[in-house]
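Peer 1: need coordinates for the following:
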Amino acid sequence: MRVFVTGASGHLGSAVVPELLSAGHEVVGLARSDASAAAIEKLGARAHRGDLTDLDVLRDEAAASDGVIHLAFRHDLMISGDLADAASADLNALTALADGLAGSGKPLVGTGGTAMLVMGGIVGRHGTERDIFPGGGYRIDAENFVAGLASREVRSSIVRLAPTVHSSLDRYGFIAVIIAAARRNGYAAYVGEGANRWPAVHTLDAAQLYRLALEQAPAGARLHGAADEGVPFRQIAAAIGHNLGLPVRSISPDQADDYFGFLGQFAQLDNPTSSAITRERLGWTPTHPGLIADLHEGHYFRN
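Peer 2: This next block holds a predicted model:
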């Protein structure tokens, strides 16, 4: 396939592109800068200049391709707290990509997050791929839009990623943010008892899942990129404290925003997530280290 990939030079894209190329696909990556274009070409793919606001580029490249993987997101807006504009930019980009693919039967793989399960009201149990939220909300609108593209003859699927996509390729993800908070404050922290659970997935396992979704996922499928189904946040803090040589402390919910910054509320989510349906449906079998083992490999702490 000729596959168009947004976010191709980013953390996840830098693993998805080689995964696609190794499977024999041709890749064109969206590049918003000369540096991004150089990074994409270094991976062995072709770069096409543009960004998520270039809707004509997205539409035309989707139409010219045999499939699309959409990884890009306005994380800068999210981090600044402008969630509405970040979500709007994502939905606009997806609409343009869908317009390019409509009626073709070609695949479009979008990206969501397992945290939407909690925001959608899944509490006290593992979220599953069968959980859907017709009422909408932040990023849920985009997920529902992608799933609904089956009615426009697009073989669409959505990968709900765990909040921790971890590996030596990760420089700016949530784990890096939490480590930076520990360094800044002089101790590693969790909120309350730290029993809330975060799912996690290694970057290379996530990349394989995107390829499998592109090749196999049925139209309208919701898939879970969660290898670790739920790591207690207290264990994450303990691993960070151990590797930094810092004490580990509990903090109150009122202290979370000051300690974690924009992740203050997110660090308190209990988000256990099953990926059993995804594994069975696509034959996805994660093989890379889990989150705690990956933290103890040390690469997050060398700089």
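
Peer 1: contacts, neighbours, all on C-alpha from now
Peer 2: Fine.

Peer 1: any idea how far residue 118 is from residue 191?
Peer 2: Using Cα to Cα, to the nearest Å, we find residue 118 at a distance of 17 Å from residue 191.

Peer 1: those two - which one has more neighbours?
Peer 2: residue 191 (23 against 17; other Cα atoms under 10 Å).

Peer 1: give me the phi and psi for the more buried one.
Peer 2: phi -100, psi 130 (degrees, to the nearest 10).

Peer 1: quickly find the element holding residue 68.
Peer 2: Secondary structure assignment for residue 68, by DSSP states H and E: strand 67-70.

Peer 1: direction included, what does that strand pair up with?
Peer 2: strand 2-6 (parallel), strand 107-113 (parallel) (DSSP bridges).

Peer 1: any idea which helix or strand in this protein has the lowest mean pLDDT?
Peer 2: helix 75-79 (a mean of 59; mean pLDDT, DSSP states H and E).

Peer 1: what about residue 63, distance to residue 89?
Peer 2: 20 Å.

Peer 1: quick one, which of these two is more surrounded?
Peer 2: A count of neighbours by other Cα under 10 Å puts residue 63 above the other of residue 63 and residue 89, at 21 against 17.

Peer 1: how about the more buried one, what does it touch?
Peer 2: 97, 100, 101 (Cα atoms under 8 Å, 6 or more residues apart in numbering).

Peer 1: neighbouring contacts of the longest helix along the chain?
Peer 2: Using DSSP state H to define each element, the chain has its longest helix at helix 83-101. Here helix 83-101 makes contact (Cα under 8 Å, 6+ apart) with 52-53, 55-56, 58-63, 68, 70, 73-75, 77-78, 108, 138-139, 141-142, 146, 149, 154.

Peer 1: which among those end up buried?
Peer 2: Neighbour counting by 16 or more other Cα atoms under 10 Å classes 52, 55, 58-59, 61-63, 68, 70, 73-74, 108, 139, 141-142, 146, 149, 154 among the contacts of helix 83-101 as buried.

Peer 1: just those residues: which are in strands?
Peer 2: 68, 70, 108 (DSSP state E).

Peer 1: surely the first one meets residue 1?
Peer 2: No. Assessed by Cα atoms under 8 Å, residue 68 is found out of contact with residue 1, at 9.9 Å.
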